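below are the sequence and a predicted model for it; my questions follow.
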Amino acid sequence: MPTELLNRTQGEIRQRLRLYYRTLLERLGPQRWWPARTRFEVIVGAILTQNTSWTNVERAVAALRRQRLLTPKALANVPLQQLESAIRPAGYYRQKARRLKAFVSFLQEHYGGSLRRMFQTPTATLRHQLLQVHGIGPETADSILLYAGHHPVFVVDAYTRRILSRHGLLDGRLQYEQIQRWFEAHLPRSAPLFNEYHALLVEVGKRWCHRQQPDCSSCPLGRYRETAG
DNA sequence: GCCCAGGTGGGTA
DNA sequence: TACCCACATGGG
C-alpha cells in the first residue's frame, strides 16, 4: 500500500498542504492553542481530552483549579478518590485519575518534579519516555511535547486522518507514526506551524468533517476535495 | 433514545 | 499484526 493514494509527487503534496494551511488560516484565523494558563495545565488537559469533548474537559479543569490541584505536587498528594471526583465531568474519570497520577509520578522520578528539566530533554528521548507512562499514547505524548514543550512534532488525531483520507491525500488506515512522518516530511519542521496546523484541522473536523455525512459544501476545504477518500 | 467526542490499554486469533 | 472491547460524561 503506497503512502499516498493518488500517485502524487512530493511537490504536489507539499503544495497541497501549504494551500490547506493558508486557506484555513485565512478563513478561521489563528486558533491560539493550547487553551490553558500553564504548561502543566496543558498536560492535564491533554490527558483529560482523550476521546472527550473539550467542553467536558473545561469543567474538570475548572474543578481542579478551584481545588488548587493544577500543580504536579498537588496532584501527587491529592487522594485518588478526590481526584476522581473533581474530574468526573471529563468522563473515564477513574482511568484518567490514574493516568494523571502516573504522569506526576513519572515527572517526580525522572525529573525531580521539574517540567523545565523535562522539556530540556531531546525530543526523541522524551517522547520515548512519555510513551512508557501508563495512559499516555502517541497523540497525548505529542500534544504534551508540542503544546506544553514547544517541541516540533506533528500531532495526529482522528480528524487529521479523516480529513486527509477523505481528500485522497493519504490512507487513513496507516499507523500513527506513519502519518506523522508523512506530515513532517512535507512541512518545514516548525513548532509554531505544527501548533497552528493541527489546531486548524481539529476545528475543521469539529465543524464540517463528522464521522457520518461530512458537510463539504460549507467546509473551507470542500472545493479541494477529490475522489478516492 | 441515539450518536458523538482533540484515545489508550488489554485481550484474542 | 489486526481487530475487538471497556472506559463515562455531557451535548446535539
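Sure, I can see it.

tell me where the model's unsure across chain A.
Chain A contains residues with pLDDT under 70 at A:1-6, A:227-229.

in it, which residue sits nearest DNA strand B?
residue A:137 (2.4 Å; C-beta to the nearest atom of the strand). Where C-beta positions appear, they are placed from N, C-alpha and C, glycine not excepted.

what parts of chain A come near DNA strand B?
Proximity of chain A to DNA strand B, by C-beta under 7 Å from any atom of the strand, involves residues A:33-35, A:45-46, A:49-54, A:56, A:91-92, A:95, A:133-141, A:143, A:147, A:157-159, A:176, A:202, A:205-206, A:210-212.

tell me which helix or strand residue A:163 sits in.
Assessed by DSSP states H and E, residue A:163 sits inside helix A:158-166.

contacts for that helix next, please.
A:5, A:170-172, A:179, A:198, A:201-202, A:204-206, A:209, A:211, A:214, A:221, A:225, A:229 (C-beta atoms under 8 Å, 6 or more residues apart in numbering).

where's the most centrally placed residue in chain A, which helix or strand?
In chain A, the residue lying closest to the centroid (C-alpha atoms, centre = their mean) is residue A:143, at 4.2 Å. Taking DSSP H and E as the definition, one finds residue A:143 inside helix A:138-143.

can you map out the helices along chain A?
Along chain A, the stretches classed as helices by DSSP state H are A:10-28, A:39-48, A:54-66, A:72-77, A:80-86, A:93-111, A:115-120, A:123-132, A:138-143, A:158-166, A:176-186, A:191-208.

domains for chain A, by residue range?
When chain A is parsed with automatic domain parsing, its domains come out as A:10-30+A:154-178+A:189-224, A:39-148.

how far off centre is the shortest one?
For domain A:10-30+A:154-178+A:189-224, the distance from its own C-alpha centre to the chain's C-alpha centre is 13 Å (C-alpha atoms, centre = their mean, to the nearest Å).

any buried residues in the helix holding residue A:163, and which?
By neighbour count on 16 or more other C-beta atoms under 10 Å, the buried set for helix A:158-166 is A:159-166.

among the residues you listed, which one sits closest to residue A:74?
residue A:159 (32.4 Å; C-beta to C-beta).

identify the residue nearest that closest one in space, chain neighbours excluded?
Nearest residue to residue A:159, sequence neighbours excluded (C-beta to C-beta, 6 or more residues apart in numbering): residue A:205, at 2.7 Å.

need the phi and psi values for residue A:133.
Note on residue A:133: backbone dihedrals following degrees, to the nearest 10 are phi -70, psi 130.

from what I can see it touches residue A:103, true?
Yes: assessed by C-beta atoms under 8 Å, residue A:133 is found in contact with residue A:103 at 5.7 Å.

so between these two, which is more surrounded?
More crowded of residue A:133 and residue A:103, by other C-beta atoms under 10 Å: residue A:103, with 25 against 20.

what about the residue lying closest to residue A:89 once chain neighbours are set aside, neighbour count?
Excluding its sequence neighbours, the residue lying closest to residue A:89 (C-beta to C-beta, 6+ apart) is residue A:59, at 3.8 Å. By other C-beta under 10 Å, the residues close to residue A:59 number 15.
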